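S.K.: Next come a sequence and a model predicted from it.
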Amino acid sequence: MCGILGLMLADPKGHACPELYEGLYSLQHRGQDAAGIVTAGKRGRFYQCKGNGMVSDVFSQPQLRNLVGRMGVAHVRYPTAGSCANSEAQPFYVNSPYGLVLAHNGNIINGEELKHFLDVEAHRHVNTGSDSELLLNIFANELQRLDKFRLAEDDIFEALRGVYDRVNGGYACVAMIAGFGILGFRDPNGIRPLVIGERDTPFGKDYMFASESVVFNQFGYRKFRDVAPGECIFIRQANREDMLDGNTGPQMFCKQIVPCKRFTPDIFEYVYFARPDSVIDGLSVYQSRLNMGKTLAQTIIDRFGPDYKSKIDAVIPVPDSARTSALQLAQSADLPYVEAFIKNRYIGRTFIMPGQQIRRKSVRRKLNVQPQEFNGKNVLLVDDSIVRGTTSKEIVQMARESGARNVYLASCAPMITHPHIYGIDLADCKDLVAYGKTEEEVAAVIKADGVIYQKLEDLIASCSTDKLKNFEVGLFTGVYTTGASSEYLVHLERLRVANQRARRNSFAEDEERDVPEDVAMINVSSD
Ligand SMILES: O=P(O)(O)OC[C@H]1O[C@H](OP(=O)(O)OP(=O)(O)O)[C@H](O)[C@@H]1O
Ligand SMILES: NC(=O)CC[C@H](N)C(=O)O
Ligand SMILES: [Mg+2]
């Protein structure tokens with residue numbers, strides 16, 4: 001679950017960079033490993049700054065000033081394929097044809113096949129282990145095949161048809177074509193989210209693509225909608241004919257490239273990935289989390305029986321993501337809600353940090369207790385999900401150290417027993433605390449007096465609307481929207497184990513230990 005942005009300003013003298021940079025801060029929760037911005041200047045030249053680190057680490061003011069031009073794309077990365085090397089920071093660039101840049105959120109599940117095709121048939125050089133670079137090269141190859149001196153909108157749509165034919169997985173992408181425009185497209189199942197917003201200006205409309213609608217609020221993009229599964233939206237810079245017609249602003253073209261296969265957005269966006277103030281596929285993430293709290297309250301009442309109030313003295317959220325649901329749970333069950341874990345606002349999300357040791361340490365650095373809220377009490381801790389159990393083990397222990405009598409843990413998500421192939425970097429399903437276990441066994445591992453999970457049907461009901469009925473829920477069931485062969489799952493596991501080893505050794509690829517990783521065009525980040 002990376003975060004992506006694309007921006008085209010109507011003002012020909014405008015600069016997209018400041019808004020892209022600010023926008024990345026609103027998507028920082030989607031990826032903390034790397035960040036990047038590429039803009040296109042007036043003469044079609046690209047300017048880039050990217051590298052490993054948080055948004056605040058990667059960009060300096062002088063570097064940002066060098067990112068000129070009214071259109072650009074940007075990315076924050078949480079690696080799910082390839083490695084954590086600097087050179088895999090996005091957006092990616094290829095010079096041929098036309099000059100292309102792409103930023104991708106998702107995971108491609110037929111990467112090996114694509115790599116073979118690009119090598120043997122398309123003869124395109126791929127420089128990293130990133131699936132996003134494969135995707136960009138597939139797009140480039142499809143454009144190349146059209147063999148046009150200058151592109152028209154329909155050529156882009158035609159090329160994308162080829163991309164949809166070849167690429168399998170979950171993907172939401174924004175791309176930029178030098179001197180021409182920006183585009184956004186989404187996989188045919190709508191697994192990964194993408195929204196487009198527009199804003200009126202004296203020069204025409206500004207257009208912005210974003211992983212989450214939260215970005216639009218801060219910049220005044222009042223009108224926005226989801227990119228449909230299988231749809232591409234292309235925003236073209238005004239050309240000579242437009243100008244002659246008096247249209248100086250960018251022009252928007254929408255095309256359903258392939259029919260929507262099965263509309264199955266990733267339910268984990270609602271559980272954890274997204275910010276509560278975003279709206280994804282028409283459903284407010286905040287509302288879905290309130291719903292989860294309500295249904296989970298009922299499961300808890302059923303579990304503890306009619307005298308549940310005598311068994312639970314306080315409902316305590318595990319900051320940050322569980323807050324909304326926990327508050328609703330407490331209200332629905334008429335139990336006191338207590339903010340007894342205090343979060344250090346300067347520590348990022350621990351789950352998406354690379355490496356188990358740093359994750360474990362960070363839970364303690366991130367969360368601290370108000371001991372009087374635990375002392376002598378029976379507490380119900382509420383988290384949005386229990387994945388590896390890193391957070392749960394620590395917080396249960398912290399509650400006990402503060403004198404809690406009984407410590408129960410409730411999860412807004414059901415038991416996570418399978419890999420999340422489109423968004424979570426998990427090497428092995430044995431790393432999942434619930435893998436092959438019952439609720440009682442999970443409770444024993446995390447040393448809680450009881451663990452209560454949301455039922456899958458309740459989670460689905462919490463996220464369902466008139467238009468949203470089906471979801472990608474493979475991490476709970478092992479059945480994935482796009483299918484996933486056992487070979488792919490083994491491949492993914494091997495890749496991620498290798499990455500974990502590389503991270504431990506703090507370099508990306510054994511044989512390239514002494515080699516500067518970044519082979520890139522004007523890389524302002526290393527200037
Ligand atoms: O069982 P685990 O492997 O620990 O993973 C689950 C935990 O990780 C996430 O928190 P995180 O700190 O990443 O983000 P948050 O501040 O948004 O809750 C999630 O909200 C759970 O608390
Ligand atoms: N989390 C993501 O969306 C990751 C995108 C891509 N698979 C990468 O690893 O860079
Ligand atoms: Mg959390």
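M.R.: Now that the structure is in, tell me what you want to look at. Ligands and ions are numbered 1, 2, ... in the order given.
S.K.: can we go C-alpha only for contacts and neighbour counts from here?
M.R.: OK.
S.K.: Can you give me the domain assignment for this structure?
M.R.: 3-263, 283-484 (automatic domain parsing).
S.K.: Can you name the residues of the stretch 101-250 of the chain sitting close to ligand 2?
M.R.: 104, 105, 106, 107, 130, 131, 132 (CA under 6 Å from any ligand atom).
S.K.: Kindly compare burial across the domains of the chain and name the winner.
M.R.: Comparing the domains of the chain by mean neighbour count (mean count of other CA atoms under 10 Å), domain 3-263 ranks first with a mean of 21.
S.K.: got the end-to-end distance for that one?
M.R.: Taking CA to CA, to the nearest Å, domain 3-263 runs 21 Å from one end to the other.
S.K.: Name the residues of the protein found near ligand 1, please.
M.R.: By the rule CA under 6 Å from any ligand atom, the part of the chain lying against ligand 1 is 272, 319-321, 349-352, 383-391.
S.K.: how about residue 162, what does it touch?
M.R.: By CA atoms under 8 Å, 6 or more residues apart in numbering, the contact list for residue 162 reads 139, 142.
S.K.: residues making contact with the helix or strand in which residue 209 is found?
M.R.: In the assignment (DSSP states H and E), residue 209 maps to strand 204-210. Residues outside strand 204-210 that contact it (CA under 8 Å, 6+ apart): 3-11, 174, 184, 194-200, 235, 247-250.
S.K.: got it, and stretch 481-492?
M.R.: The contact list for stretch 481-492 (CA under 8 Å, 6+ apart) reads 81, 109, 110, 168, 169, 189, 264, 427, 472, 474.
S.K.: Quick check: nearest residue in space to the third one, chain neighbours excluded?
M.R.: Distances taken as CA to CA, 6 or more residues apart in numbering place residue 168 nearest to residue 110, at 5.8 Å, with adjacent residues excluded.
S.K.: Next: the last one.
M.R.: Residue nearest to residue 474 in three dimensions, not counting chain neighbours: residue 480, with 4.7 Å by CA to CA, 6+ apart.
S.K.: go on, the fifth one?
M.R.: Beyond its immediate neighbours in the sequence, the residue positioned closest to residue 169 (CA to CA, 6+ apart) is residue 108, lying 4.4 Å away.
S.K.: So the one you found sits against residue 170, correct?
M.R.: Yes. Between residue 108 and residue 170 there is a contact under CA atoms under 8 Å: 6.2 Å.
S.K.: what residues do those two have in common as contacts?
M.R.: Counting by CA under 8 Å, 6+ apart, the contacts common to residue 108 and residue 170 are residue 422.
S.K.: quick one, what contacts the residue nearest to residue 474?
M.R.: Neighbours of residue 480 in contact, by CA under 8 Å, 6+ apart: 472, 473, 474.
S.K.: Same check on residue 191?
M.R.: Residue 191 makes contact with 170, 171, 263, 264, 265, 266, 472, according to CA under 8 Å, 6+ apart.
S.K.: Residues of this structure that sit close to ligand 2?
M.R.: Contact residues, the chain versus ligand 2 (CA under 6 Å from any ligand atom): 1-2, 77-82, 104-107, 130-132, 423.
S.K.: can you tell me which of the residues you listed are in strands?
M.R.: Secondary structure defined by DSSP state E assigns 77, 104, 105, 106, 107 of the residues of the chain next to ligand 2 to strands.
S.K.: Could you list the low-pLDDT ranges of this protein?
M.R.: Applying pLDDT under 70 to the chain flags the ranges 426-427, 500, 502-527.
S.K.: picking up where we left off before, could I get the phi/psi values of the residue nearest to residue 474?
M.R.: phi -110, psi 150 (degrees, to the nearest 10).
S.K.: Residue 489 - how many residues pack around it?
M.R.: 16 (other CA atoms under 10 Å).
S.K.: On the three-state scheme, it is what?
M.R.: For residue 489, the assignment made with DSSP: H, G, I helix; E, B strand; the rest coil gives helix.
S.K.: hang on, the earlier thing: separation between the residue nearest to residue 474 and residue 264?
M.R.: Residue 480 is 10 Å from residue 264, where distance means CA to CA.
S.K.: pretty sure residue 200 belongs to a strand, no?
M.R.: Yes. Assessed with three-state DSSP, residue 200 lies in a strand.
S.K.: is it in a bridge, and if so with what?
M.R.: Note on residue 200: beta-bridge partners by DSSP bridges are residue 205.
S.K.: Tell me how far the residue lying closest to residue 100 once chain neighbours are set aside lies from residue 9.
M.R.: Leaving aside its chain neighbours, residue 100 sits nearest to residue 177 (4.9 Å; criterion: CA to CA, 6+ apart). For residue 177, the distance to residue 9 (CA to CA) stands at 15 Å.
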